[in-house]
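>>> The sequence isn't on hand, but the structure is:
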């Protein structure tokens, strides 16, 4: 993946976004390079599958190209972008379930622990997160890592706020148990 060094970053992201809105492909490429690593990381944490995460990250930037006019600048661009990314990843999981029962926990996926540990980009806590049951993992990532509120998570995932809190609590318990046993 391509990355832009901080010293290569545009002075004003607002100007860059305006250029993308006007169809400037070079500005779009720069925006992509600035954000692809974090978008991919979010998709990987949510999907717990490298190939799916790569596909989802690419889909995020396709949507950004088509929906950039919807970004109104009231929030940071990264907030809007990561909201698009989490929606794409969640929708990707829903689509995958129709033809492949995607269960990410190692016990149910057939993935052995060594395979999970060998996943590119996964280390430390990430190795444990991919073992979480899907709903608990999605809630944990969105709440603890991405900073969403339980109300937002509940709306995105189509669950009650109490269910979001319960899934988060379950994820924390499992992670703590697994961490202590490592």
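Sure thing, it's come through. If you're wondering where the values come from, they're calculated on a predicted model, not measured in any experiment.
>>> residue ranges with poor pLDDT in the chain?
Applying pLDDT under 70 to the chain picks out residues 1-11, 96-124.
>>> Tell me how it divides into domains.
Per the record, the chain has its domains at 1-102, 104-182, by automatic domain parsing.
>>> In a markdown table, list these along with mean neighbour count.
(C-beta placed from N, C-alpha, C; glycine too.) Below are the domains of the chain laid out as a markdown table (neighbours: other Cβ atoms under 10 Å):
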| stretch | mean neighbour count |
| --- | --- |
| domain 1-102 | 16 |
| domain 104-182 | 16 |
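>>> Go ahead and flag the most central residue of the chain.
Geometric centre of the chain, nearest residue: residue 42, 2.5 Å, by Cα atoms, centre = their mean.
>>> Excluding sequence neighbours, find me the nearest residue to that one.
residue 85 (5.1 Å; Cβ to Cβ, 6 or more residues apart in numbering).
>>> Also residue 132?
Excluding its sequence neighbours, the residue lying closest to residue 132 (Cβ to Cβ, 6+ apart) is residue 171, at 5.3 Å.
>>> quick one: stretch 24-35 to chain centroid distance?
19 Å (Cα atoms, centre = their mean, to the nearest Å).
>>> can you give me the strands for the chain?
Counting by DSSP state E, one finds no strands in the chain.
>>> Identify the residues contacting the residue nearest to residue 65 when sequence neighbours are not counted.
The shortest distance from residue 65 to any non-neighbouring residue, by Cβ to Cβ, 6+ apart, is to residue 28 (6.2 Å). Contacts for residue 28 (Cβ atoms under 8 Å, 6 or more residues apart in numbering) come out as 20, 64, 65.
>>> change it to 10 Å
Residue 28 is in contact with 16, 17, 19, 20, 21, 61, 64, 65, 68, counting by Cβ atoms under 10 Å, 6 or more residues apart in numbering.
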